[in-house]
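In: Sharing a model prediction with you, sequence too.
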Amino acid sequence: MADAGQDGQRPQAVLTPEDAGSARLALARIAFLTEGAPVPDVVREPILASWTRSRLWHVPVDHLDVPFEADLDGESTLLRAARPVLAEAAEQFTSEPVSVILCDANGVVLTRDTGDTRLEASLDRVWLAPGFSYAEEHVGTNGIGTALEGGGPARVFGHEHYVEHLEDFACTGVPVRHPVTHKVLGVIDLTCWRRDAGSMMAAAAAALGRRVEAMLLEHSGRREHALLHDYLTACRRNRDAVLAVGDDLLMLNDRARDLLAPADQGPLLAEITEALATGRGQQLLVDLPSGLTARVQCRPSFTEGTRSAGIALVQMIGQVSAGGGRAGLPSPALPAAVGSGPLWTKCRQAVDRAFRTPEWLVLEGEPGTGKTTLARAVHQSRTPAAHLRVLDAVEYGPRWVADVIDELATGGGTLLLTHVDTLPPEAMSVLVDVLEPYRESTDVDGHWVVVTTGKQRGDRDGDLTTLLTLFPRTVEVPPLRHHVEDVAELVPHLLTRLTRGGTLSVSPAVMRVLMRNLWPGNVEQLYQVLRTTVARRRSGTIELTDLPPECRATTRRVLTPLEAIECDAIVEALLDTGGNKAEAARQLGMSRATIYRKIRGYGLTVPFETA
């Protein structure tokens with residue numbers, strides 16, 4: 001039995017300086033969470049900044065809510081370069097309670113090597129495992145997410161973690177940057193027990209990061225140097241705008257920066273990237289949102305598998321007017337074809353130019369993208385008083401063919417034939433025979449003929465291909481998910497139509513949900529969602545609770561009936577539980593991992609603060 005002190009009381013346990021510091025930090029964290037009071041005398045400045053960001057992100061403090069990514073890229077540039085470095089590090093730490101972790105630029109764990117089985121089991125319990133994201137917006141202050149947010153090394157020990165259940169760990173994360181572009185590709189993290197953390201952790205993590213960056217330079221140096229050589233050579237030999245375009249690299253000379261408007265750069269780069277991916281030199285004419293047209297000469301520097309890069313020489317030319325002259329002004333806005341995003345504007349201008357030439361035109365794209373609306377809008381903006389006839393090939397029959405013949409014989413205006421890809425082969429042959437005599441007509445009063453098809457060029461059969469050879473120009477109408485910024489204009493336009501000029505509007509939260517949706521049914525699906533919503537609310541402001549469950553699904557494809565039922569059940573469970581995924585999983589009888597996978601697979605947006 002221990003001796004009593006002179007005052008008759010038992011001796012008090014003595015706290016070590018480390019224990020005392022940890023206790024002060026724990027109290028400071030509680031004060032911050034409950035009172036929001038700054039505690040810079042106890043908490044390091046980077047940690048306090050991270051706590052503040054975590055609170056603004058509404059990260060839950062009492063439990064972990066870690067999203068899961070099922071489809072990891074096992075052959076990413078970062079992973080290929082890091083593998084030998086990580087294998088050697090894992091061997092060095094094989095008998096130590098240290099975990100060596102590699103994450104991508106989103107904080108998703110790619111690999112984890114842990115020599116200590118007890119530590120590995122504990123990391124599993126806090127979801128610090130491959131496929132789970134430790135981004136700061138999900139987990140709060142931690143070595144991985146905080147290194148990504150701060151753009152530099154991050155050391156987080158014990159109670160410096162924002163979320164409970166992580167206070168027994170210490171971690172040091174170091175961003176890994178591309179040696180040429182300096183873009184952050186991911187994070188190397190060392191995690192151990194808090195009591196085992198030492199001053200050498202930061203140095204060890206930094207050394208691993210440098211070695212991975214050296215491997216990246218060794219892997220990519222030859223390609224980037226070839227691209228840089230071609231770029232500098234082109235700049236010396238040309239007065240044109242010169243761009244060097246690669247997977248993680250973009251360089252523009254002074255002429256390109258002066259010549260290209262910011263809104264033009266995205267569409268132009270998309271065309272250049274697609275051309276370089278073929279591995280062959282190409283010349284392009286690219287319609288730009290500014291109303292100008294770019295003549296582009298693409299020269300690949302290298303092509304290896306799916307990776308390609310090269311240079312592009314760019315000259316700007318004005319639009320061609322109907323009379324053959326130049327017109328520097330953009331084509332007029334089309335009030336019936338709502339949208340001002342770069343991709344939609346480029347598509348609209350291409351159709352407008354085909355009308356003014358005039359060239360018979362194929363409009364191809366997914367169902368519901370607005371192909372018919374776009375053709376109507378161009379016709380009405382240029383010749384509002386002229387004749388327009390729309391004939392749907394779904395109604396094909398003797399009368400339909402007779403109507404096509406009559407329209408072509410009368411001359412003038414626009415003839416729009418929709419859904420021609422649905423015609424049976426014999427009907428396509430008949431239509432070819434009907435159209436052929438008028439294809440090369442020089443009659444200035446002849447029809448502008450437009451056909452719409454949902455089939456892409458690689459999916460066309462022989463009969464459809466034969467029919468479409470009568471049309472010298474094809475314009476692809478983009479799906480709504482590719483110009484989702486236009487949802488902000490489409491929603492008020494469609495609501496005005498649905499309410500016949502009423503005052504119904506949407507709340508900012510609803511607009512955010514609508515703009516995050518990928519709309520597999522395109523504009524038509526958006527219209528039907530709003531139509532369903534308007535049936536329940538005719539005035540005022542549409543709130544989240546007014547939206548049908550389907551608009552919470554952001555999957556890239558139309559769901560099967562069974563998937564739609566499952567998706568709706570998950571949405572309803574999340575609504576019932578206020579967005580708490582763990583409780584929703586319990587109600588549905590599935591594990592947390594399963595509901596995370598389903599939420600990500602269906603692309604569900606859960607507009608709640610709780611989890």
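Out: Received the coordinates, thanks.
In: in stretch 86-97, what counts as buried?
Out: Using 16 or more other Cβ atoms under 10 Å as the test for burial, stretch 86-97 gives Leu86, Ala89, Ala90, Phe93, Pro97. For every residue, glycine as well, the C-beta is placed using N, CA and C.
In: Let me see the mean pLDDT of it.
Out: Per-region confidence: stretch 86-97 scores 87 on mean pLDDT.
In: any chance you could map the helices in the stretch 301-450 of the chain?
Out: 342-356, 371-382, 398-410, 425-439 (DSSP state H, counting those that start in this stretch).
In: Just say which of those helices is most tucked in.
Out: helix 342-356 (a mean of 23; mean count of other Cβ atoms under 10 Å).
In: I'd like to know which elements that one is packed against.
Out: The contact analysis (3 or more Cβ pairs under 8 Å, 6 or more residues apart in numbering; DSSP states H and E) places helix 342-356 against helix 262-276, strand 282-287, strand 319-320, strand 361-364, helix 371-382, strand 473-476.
In: If we use 7 Å, what do you get?
Out: The helices and strands touching helix 342-356, judged by 3 or more Cβ pairs under 7 Å, 6 or more residues apart in numbering; DSSP states H and E, are helix 262-276, strand 282-287, helix 371-382, strand 473-476.
In: circling back to that earlier point, and the buried residues of stretch 86-97 as a markdown table, adding secondary structure and distance to Arg280?
Out: Shown next, in a markdown table, are the buried residues of stretch 86-97 (DSSP: H, G, I helix; E, B strand; the rest coil; distance: Cβ to Cβ, whole Å):
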| residue | secondary structure | distance to Arg280 |
| --- | --- | --- |
| Leu86 | helix | 38 |
| Ala89 | helix | 42 |
| Ala90 | helix | 43 |
| Phe93 | coil | 48 |
| Pro97 | coil | 55 |
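In: Name the nearest of those residues relative to Leu285.
Out: Nearest to Leu285 out of the buried residues of stretch 86-97 is Leu86 (Cβ to Cβ; 47.5 Å).
In: you'd agree the closest one is up against Thr114?
Out: No - assessed by Cβ atoms under 7 Å, Leu86 is found out of contact with Thr114, at 11.9 Å.
In: coming back round to it: relative to Val487, which of the helices and strands packed on helix 342-356 is closest?
Out: helix 371-382 (15.4 Å).
In: now what about stretch 415-432, what contacts it?
Out: Outside stretch 415-432, the residues within contact range by Cβ atoms under 7 Å, 6 or more residues apart in numbering are 372, 375, 389-394, 396, 401, 407-408, 447, 449-455, 463-464, 466-467, 470.
In: Show me how to select, in PyMOL, the buried members of these.
Out: Entered in PyMOL, the line below selects the buried ones among those, by 16+ other Cβ under 10 Å:
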select buried, resi 372+375+391+393+396+401+407+408+447+449+450+451+452+453+454+455+463+464+467+470
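In: related to what we said a few turns ago, so can I have a markdown table of the helices and strands packed on helix 342-356 showing distance to Thr141 and mean pLDDT?
Out: Formatted as a markdown table, the helices and strands packed on helix 342-356 follow (distance: least, Cβ to Cβ, whole Å; pLDDT from 0 to 100):
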| stretch | distance to Thr141 | mean pLDDT |
| --- | --- | --- |
| helix 262-276 | 35 | 86 |
| strand 282-287 | 46 | 85 |
| helix 371-382 | 49 | 90 |
| strand 473-476 | 46 | 92 |
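In: Among those, which comes closest to Ala569?
Out: Closest among the helices and strands packed on helix 342-356, once you apply Cβ to Cβ, is helix 371-382, at 34.7 Å.
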